[in-house]
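Participant: Sequence plus predicted model, see below.
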Amino acid sequence: MRYSSSKRAKERSRLAVDAAESLVQRYRRQSSRRHCGRFLVELQLQSDELLELLVAPPPPSPTELLNLSQCGVGRLECYLLAIALSRGLMTGVQVLWLQDNQVDECCVLWLARGIDSMPLNSQLRSISLGANPATTAPSARRAVASLEAAGRTRRIKIRPAS
């Protein structure tokens, strides 16, 4: 049962990545500055659809794990995760694995903002970030420190290394 829920979560993540890639390709085609604001508005309107693909209902396993390791999670997905955290859409998720992705300094700051604005009844207790640019780049230390500070206020353990 745990394997199938993990498989479903990875499939939803892949669908969200595909949708995000198509948005990015469309943005690159319309790369003039005057279209940028309109694109961001469209992205916000479509974020609810992407969130449905990315955030699965609580997995049935006892650890309530959302495993997004090696799923190509980057800036857009972390932005969507931050929205999901702030809106309380990740009910039942206690552990979030983000190892071996493209999580950089900007991603970590989005996650920190999401944690800061989480509902008080959130069940999230741990985020693992091992083997990401944010955990290996010296310039990202300040961002990781802000994520750890946000985690401390909500009693969430941040694991920057694997």
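Facilitator: Nice, thanks for sending it over.
Participant: okay, CA-based contacts and neighbour counts for the rest of this
Facilitator: Fine.
Participant: What segments of this structure are strands?
Facilitator: 65-67, 95-97, 126-128, 157-159 (DSSP state E).
Participant: mean pLDDT for those: which is lowest?
Facilitator: The minimum mean pLDDT among these belongs to strand 65-67 (a mean of 91).
Participant: ok, and the helix or strand in this structure with the lowest average confidence?
Facilitator: helix 33-54 (a mean of 56; mean pLDDT, DSSP states H and E).
Participant: Now tabulate the strands of the chain in CSV and tack on distance to residue 77 and mean neighbour count.
Facilitator: Formatted as CSV, the strands of the chain follow (distance: least, CA to CA, whole Å; neighbours: other CA atoms under 10 Å):
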stretch, distance to residue 77, mean neighbour count
strand 65-67, 13, 22
strand 95-97, 13, 19
strand 126-128, 15, 19
strand 157-159, 18, 18
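Participant: Against residue 73, how distant is residue 121?
Facilitator: 26 Å (CA to CA, to the nearest Å).
Participant: wait, residue 134
Facilitator: In terms of CA to CA, residue 134 sits 12 Å off from residue 73.
Participant: Neighbour count: residue 121 and residue 73, which is higher?
Facilitator: Comparing residue 121 with residue 73 by other CA atoms under 10 Å, the one with more neighbours is residue 73, at 24 against 8.
Participant: and the spatially closest residue to that one that is not a sequence neighbour, what pLDDT?
Facilitator: Using CA to CA, 6 or more residues apart in numbering and skipping residues adjacent in sequence, the residue nearest residue 73 is residue 101, 5.2 Å away. pLDDT, residue 101: 94.
Participant: What is the neighbour count of residue 101?
Facilitator: 20.
Participant: What of residue 7?
Facilitator: Around residue 7 there are 13 residues (other CA under 10 Å).
Participant: how close does it get to residue 70?
Facilitator: Taking CA to CA, one finds residue 7 at 12 Å from residue 70.
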